[in-house]
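In: Okay, structure incoming, though there's no sequence with it:
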């Protein structure tokens with residue numbers, strides 16, 4: 001899968017990092033669905049919330065690093081024009 005930015009010549013190929021991001025989001029959604037449906041036992045609740053919190057932090061970090069990388073690419077591309 002490719003992500004096209006506003007400039008047509010710039011593409012970012014999805015890497016394992018993004019794939020991991022996607023899997024983390026899916027796991028967070030599964031945890032939320034389980035909690036919302038009432039399937040989560042009270043004994044599991046804290047562990048599930050802690051896991052979701054950890055995944056959210058990892059996703060935030062991946063987004064931040066990706067944003068930094070894209071900005072760096074965009075700056076380098078502007079010098080080539």
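Out: Arrived safely. Computed from a prediction, not measured in an experiment: that's the story for all the values here. Numbers count the residues shown, from 1 in each chain.
In: longest single helix anywhere in this structure?
Out: helix 42-80 (DSSP state H).
In: Tell me which residue lies nearest the centroid of the protein.
Out: The chain has residue 21 as the residue nearest its centroid, 3.6 Å off, counting by Cα atoms, centre = their mean.
In: what about that residue, which helix or strand?
Out: helix 16-37 (DSSP states H and E).
In: Point out the other helices and strands that that helix packs with.
Out: helix 42-80 (3 or more Cβ pairs under 8 Å, 6 or more residues apart in numbering; DSSP states H and E). All C-beta spots, glycine's among them, are computed from the backbone N, C-alpha and C.
In: what stretches of the chain score poorly on pLDDT?
Out: 1-18, 78-81 (pLDDT under 70).
In: ok, now how distant is the residue nearest to residue 25 when sequence neighbours are not counted from residue 68?
Out: Residue nearest to residue 25 in three dimensions, not counting chain neighbours: residue 59, with 6.6 Å by Cβ to Cβ, 6 or more residues apart in numbering. In this view, residue 59 and residue 68 are 15 Å apart by Cβ to Cβ, to the nearest Å.
In: Of the two, which one has the most company?
Out: Neighbour totals were compared for residue 59 and residue 68, and residue 59 leads with 16 against 10 (other Cβ atoms under 10 Å).
In: Can you give me every residue that contacts that one?
Out: With contact set as Cβ atoms under 8 Å, 6 or more residues apart in numbering, residue 59 has these partners: 21, 24-25, 28.
In: ok, 10 Å please
Out: 20-22, 24-25, 28 (Cβ atoms under 10 Å, 6 or more residues apart in numbering).
In: count of neighbours near residue 53?
Out: 12.
In: How about residue 27: what's its closest non-neighbour residue?
Out: residue 55 (5.9 Å).
In: List the contacts of that neighbour.
Out: Residue 55 neighbours (Cβ under 10 Å, 6+ apart): 21, 23-28, 31.
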